[in-house]
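J.: what's the 3D shape of this:
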Amino acid sequence: MIVQNKQKQMENLDDLLYQFTLAYRNLSGSLQDIFQPTFLQGLDFLLQTACEAENSHDPADSEHLIHLTQDKAKVFQSIRNSYLCSENNLSMADRNVFLDLTGLFERIGWTMGRIGKLQYAQKLLERSGISE
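T.: Below is the predicted model:
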């Protein structure tokens, strides 16, 4: 059951990453300058961490992914408020794309957190010698 649930979450992640890629194409140059060093590098780090946790036999690696993907709603709200304030002079189109991308990034984090929890449960079962 864990493997099936993890597969479903991986499919959700794939869909979210595809949506993120499509939305990213609509960013203006100034917003790309914001997203490149922050969001894309953060996403790359989370994906690397998830891959390492998947290939590891140590449950602590999955715990690390879980910790990294804990609820960050306040952080994202702060980021949105900072970039959407009137001083940044973003066009309405850029504002919409920015909101779409930050929302997708947040959902990607939640999905990766669920994957981390399933990885953790799977590793504990493997250690105990119990098969699904």
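J.: Going along the chain, name the helices of the protein.
T.: 2-24, 29-35, 41-55, 59-68, 73-84, 92-128 (DSSP state H).
J.: Which secondary structure elements does the third one sit against?
T.: The contact analysis (3 or more C-beta pairs under 8 Å, 6 or more residues apart in numbering; DSSP states H and E) places helix 41-55 against helix 59-68, helix 92-128. All C-beta atoms are positioned from the backbone trio N, CA, C, and that covers glycine.
J.: which strands and helices sit next to the worst-scoring helix or strand of the chain on mean pLDDT?
T.: The helix or strand of the chain with the poorest confidence is helix 29-35; it has a mean of 79 (mean pLDDT, DSSP states H and E). Counting contacts by 3+ C-beta pairs under 8 Å, 6+ apart, helix 29-35 packs against helix 92-128.
J.: quick one: buried residues of the helix it packs on?
T.: In terms of neighbour count (16 or more other C-beta atoms under 10 Å), helix 92-128 has its buried residues at 94, 97-98, 100-102, 104-123.
J.: And stretch 31-51, by the same measure?
T.: 31, 34-35, 39, 43, 46, 49-50.
J.: now, which of the residues you listed sits nearest residue 89?
T.: Nearest to residue 89, judged by C-beta to C-beta, of the buried residues of stretch 31-51 is residue 31 at 11.8 Å.
J.: Distance check, the closest one against residue 23.
T.: 11 Å (C-beta to C-beta, to the nearest Å).
J.: Touching both of these two, which residues are there?
T.: Jointly contacting residue 31 and residue 23 under the rule C-beta atoms under 8 Å, 6 or more residues apart in numbering are residue 97.
J.: I'm done for today, thanks for sticking with me.
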